[in-house]
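Student: Here is a sequence with its predicted model. Questions after.
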Amino acid sequence: MAKKIQPRIYKGTRDFLPEQMVKRQYVIQILKTIFEKYGFEPLETPTIELWETLSGKYGEEADRLTYRFVDRGKREVGLRYDLTVPLSRVIAMYPQIPKPFKRYQIQPVWRADKPQKGRFREFYQCDVDIVGSPSVLADAEIIAIIYESLTALGFQQFKIRVNSRKILFGITEVSGAGMDRELEVCRAIDKMDKIGIEGVKQELQEREIPPAAIQKILGALSIEGDNQTRLNHIAAYLQESETGKAGVAEMQQLFEYLSYYQIPDSALTLDLFLSRGLDYYTGPIYETVVEEPKIGSITGGGRYDNLIGLFSGQDQPATGSTIGLERIITVMEELNMFPEDLRTPVQVLVTVFDESTLPYSIRIARELRAAGLNTDLYTGKSKLRGQFGLANDKGIPIVVIAGPEEQAAEAVNVKDMRSGNQQTVPVSDAAEVIRQLLSAKTG
RNA sequence: GUGAGUGUAGCUCAGUUGGUUAGAGCACCAGGUUGUGGCCCUGGGGGUCGGGGGUUCAAGUCCCCUCACUCACCCCA
C-alpha cells in the first residue's frame, strides 16, 4: 500500500458534508426564489480573472487580500475577491445586455486573510445588483429584496442601516479636511459603533485631520432623532456642498420610495456613521446587522456608478448588495432557525431482505421513484438491522421492507422511523401512504 | 503584519508536588436480537501525549526551540 498522506485541508476552506449542504441549499433555494420573484436573472462568472480585472478596484487593503498567481503562460491572474467587479467586467464586455439589468449571482469568492469566527478564505456570496438605473428606485428595490430575503429566512431582529457616500463626501468637503481625504474620513467614522465617538475623534486626529475640521465633522454627525430630523440637520451643514446636497436629496427620495414598499421603520435606519470599506461606492450605501450573535454585518452593498466605466470607458450606473450566505447560516445555526427535519433529502430507504427478494426491492424502489419520492435502495451487505441503523443515522424518515412475506402478498411494510409505527400496505398504495406520512409529520 | 491562548484516542476533555502498564464520555466495530433503528447491557479496536532537543534515576507533567491550530487587532460577508 502506498504511503498514507495525511488528510488535511487548506486553512480557511471547508468541506460541506451532506448534512451541512442540505442546510446551505435550503437557504440558497429560498434566496433564489425571492430573487427571481423580484425579476432578477442568474449569472455566473469564472473563478479566475485576469489580474488587471481585479486589481485597483477595491482599495489597497483588498488588493493585498486578493489571491494572485502567475499561470504557465506567465499571465498574471487572480481568484475573484467579490462578485461586483466580475459583474462590472461582464457589463462592459456585453453592452448588448438590455438595461436596466437585474442579476443575481451565488458563487464562492476568495480572500487571503487570516480566518477567524465567521470569516473564511473561501466563502459564498449571494449578490443582487441592478445595472443601468441611476434612480434611487433601484436602491429601494435592493433594500426591499434584502428585507424580504431575511424575513423569509426567519430573521426577526435585524436593522438595515442606510447612508449616502455623497453625504459623507459632502461633510468632508465642508469641514475643510482637505481634498482627497474622504475615504480616510469615511474609514474613521465607520468605526463609530466599535470605538465610540471619542475613538473616532482620536482616529481622525491620528490621520492629521485639522482640529477644526474634526469638530465640524463630528458636529454634523452627532444628532439624535428620527431619520427626517437627522436629514434636516445634516442638510443645514451641507449648504455649501453640491455633492452633499445631492446626497441629502437622494436619501429623502429613497426613504420616500421605501415607505411605499411598506418596510417597517423598525427594520430601517438612516445611520450617518455607516461608511463601508470598499472604495468604489458613490451613492447610497447599506448594510444589515443583527444584535445576536455578534458577527458583524450579514449584508452589505451600495451604489457604484463609476466602476463599470473603468472597463468600458463609459460610466454605467449600478447598485446592489451582497447577502452574506456564510454569516446568515452561522446566525441561523446559533439561533436554531433551521427546520428540525432538515438532515437529508432522502425520504425513503427500501431495504433488501436477501438475494431472492432483491428483484422485488428494485421494483419497489423503481415505483416509488417514479412516484416522485426520493428513494434510496440499499446497496450494502448488512442485514436488516444494519439497514435500519443506516436509515436512523442518516435521518431517513421512512423505511420500506420488501421481504418474502410482503412479496407473497404483493405488499410492502412501511415503517415511520420517527414514530416507530409500521403498517403493511398493498404495493399499489405504497407511494400514497408514504406521501401522507411525510406530509403529516412536517405539515 | 501585530498580540494572546491552546496542542493527550476520530471528537470533547481528565491526567495530583515529575513516579511503574496514559484514562473517561461520545463516536466506531462485534454480540445480546438469523425480519426492525433510537434506549439499555456486554465485549473490542484504536495513542510516535503536535515535532525536536535538554534537565532528571525517572518527563504527558519542568526548560528551550519549532510546527500547527484558535481567538483578537487591521479589514471584511
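Tutor: Noted; the coordinates are in hand.
Student: give me the element the nearest residue to A:A140 once chain neighbours are set aside is part of.
Tutor: Nearest-residue entry for A:A140: A:Y257, 3.9 Å, with adjacent residues in sequence omitted and distances by C-beta to C-beta, 6 or more residues apart in numbering. In this view, the C-beta of every residue, glycine as well, is placed from N, C-alpha and C. According to DSSP states H and E, A:Y257 maps onto helix A:242-260.
Student: re earlier: what's the separation between the residue nearest to A:A140 and A:E250?
Tutor: Distance, A:Y257 to A:E250, by C-beta to C-beta, to the nearest Å: 10 Å.
Student: okay, and the common contacts of the two?
Tutor: Contact criterion C-beta atoms under 8 Å, 6 or more residues apart in numbering; residues shared by A:Y257 and A:E250: A:V136.
Student: Provide the backbone phi and psi angles at the residue of chain A found nearest RNA strand B.
Tutor: At 1.0 Å from RNA strand B, A:G277 is the closest residue in chain A, using C-beta to the nearest atom of the strand. When read as degrees, to the nearest 10, the backbone of A:G277 gives phi -80, psi -30.
Student: and the one helix or strand A:Y104 maps to, how far from the chain's centre?
Tutor: Under the criterion of DSSP H and E, A:Y104 resides in strand A:101-110. Here the centre of strand A:101-110 is set off from its chain's centre by 9 Å, with C-alpha atoms, centre = their mean, to the nearest Å.
Student: Give me the residues contacting stretch A:192-199.
Tutor: Applying C-beta under 8 Å, 6+ apart, the contact partners of stretch A:192-199 are A:191, A:200, A:202-203, A:218, A:222, A:273.
Student: how about it: buried residues?
Tutor: By neighbour count on 16 or more other C-beta atoms under 10 Å, the buried set for stretch A:192-199 is A:M192.
Student: between the helix or strand hosting A:T229 and helix A:242-260, how big is the angle?
Tutor: In this structure, A:T229 is located in helix A:227-237 according to DSSP H and E. Interaxial angle, helix A:227-237 versus helix A:242-260 (axes from the mean of the first three to the mean of the last three C-alpha atoms, to 10 degrees): 170 degrees.
Student: Using PDB, write out the CA atom coordinates for helix A:227-237.
Tutor: Output of helix A:227-237 as PDB, limited to C-alpha atoms (Å, rounded to 0.1, in the frame of the first residue of the first chain):
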ATOM      1  CA  ASN A 227     -34.500  59.800  10.200                       C
ATOM      2  CA  GLN A 228     -36.100  63.000   9.000                       C
ATOM      3  CA  THR A 229     -34.800  65.100  11.800                       C
ATOM      4  CA  ARG A 230     -31.300  64.000  11.200                       C
ATOM      5  CA  LEU A 231     -31.600  64.500   7.500                       C
ATOM      6  CA  ASN A 232     -32.700  68.100   8.100                       C
ATOM      7  CA  HIS A 233     -29.800  68.700  10.500                       C
ATOM      8  CA  ILE A 234     -27.300  67.400   8.100                       C
ATOM      9  CA  ALA A 235     -28.800  69.300   5.200                       C
ATOM     10  CA  ALA A 236     -28.100  72.500   7.100                       C
ATOM     11  CA  TYR A 237     -24.400  71.500   7.300                       C
END
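Student: So what touches that helix?
Tutor: With contact meaning C-beta under 8 Å, 6+ apart, helix A:227-237 is reached by A:167, A:170-171, A:174, A:216, A:219-221, A:223-225, A:244-245, A:248, A:251-252, A:255, A:269-270, A:272.
Student: next one: stretch A:368-383
Tutor: So stretch A:368-383 is contacted by A:345-352, A:361-362, A:365, A:386-387, A:389-390, A:396, A:400, A:430-431, A:434-435 (C-beta under 8 Å, 6+ apart).
Student: Swap in 6 Å and give it another go.
Tutor: Residues outside stretch A:368-383 that contact it (C-beta atoms under 6 Å, 6 or more residues apart in numbering): A:345-352, A:365, A:387, A:431.
Student: And stretch A:322-339, by the same measure?
Tutor: Against stretch A:322-339 from outside (C-beta under 6 Å, 6+ apart): A:23, A:118, A:123-127, A:149, A:154, A:290, A:293, A:295, A:298-301.
Student: Okay, now the unreliable bits of the stretch 101-250 of chain A?
Tutor: Along the stretch 101-250 of chain A, the parts satisfying pLDDT under 70 run over A:178-179.
Student: how about the strands in it?
Tutor: A:101-110, A:122-131, A:159-164 (DSSP state E, counting those that start in this stretch).
Student: Now find how far off-centre the second one is within its chain.
Tutor: Just to be clear, that refers to strand A:122-131. Between the centre of strand A:122-131 and the centre of its host chain there is 7 Å, according to C-alpha atoms, centre = their mean.
Student: Going by residue numbers, what spans are helices in the stretch 201-350 of chain A?
Tutor: Using DSSP state H, counting those that start in this stretch, the helices of the stretch 201-350 of chain A run over residues A:211-221, A:227-237, A:242-260, A:309-312, A:325-334.
Student: How far off centre is the second one?
Tutor: Helix A:227-237 has its average C-alpha position 32 Å from the chain's average C-alpha position, going by C-alpha atoms, centre = their mean.
Student: same deal with the last one?
Tutor: Relative to the mean C-alpha coordinate of its chain, helix A:325-334 is positioned 10 Å out (C-alpha atoms, centre = their mean).
Student: and it with strand A:101-110, angle?
Tutor: Interaxial angle of helix A:325-334 relative to strand A:101-110 (the same axes, to 10 degrees): 80 degrees.
Student: Next, the angle strand A:122-131 makes with helix A:325-334.
Tutor: Interaxial angle of helix A:325-334 relative to strand A:122-131 (the same axes, to 10 degrees): 120 degrees.
Student: Restricting to C-alpha, output helix A:325-334 in PDB.
Tutor: Only the C-alpha atoms of helix A:325-334 are listed here, as PDB (Å, rounded to 0.1, in the frame of the first residue of the first chain):
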ATOM      1  CA  LEU A 325     -24.600  33.500   2.900                       C
ATOM      2  CA  GLU A 326     -22.000  32.200   5.400                       C
ATOM      3  CA  ARG A 327     -22.900  34.600   8.100                       C
ATOM      4  CA  ILE A 328     -26.600  34.100   7.600                       C
ATOM      5  CA  ILE A 329     -26.000  30.300   8.000                       C
ATOM      6  CA  THR A 330     -23.900  30.900  11.100                       C
ATOM      7  CA  VAL A 331     -26.600  33.100  12.700                       C
ATOM      8  CA  MET A 332     -29.300  30.700  11.800                       C
ATOM      9  CA  GLU A 333     -27.400  27.800  13.300                       C
ATOM     10  CA  GLU A 334     -26.700  29.700  16.500                       C
END
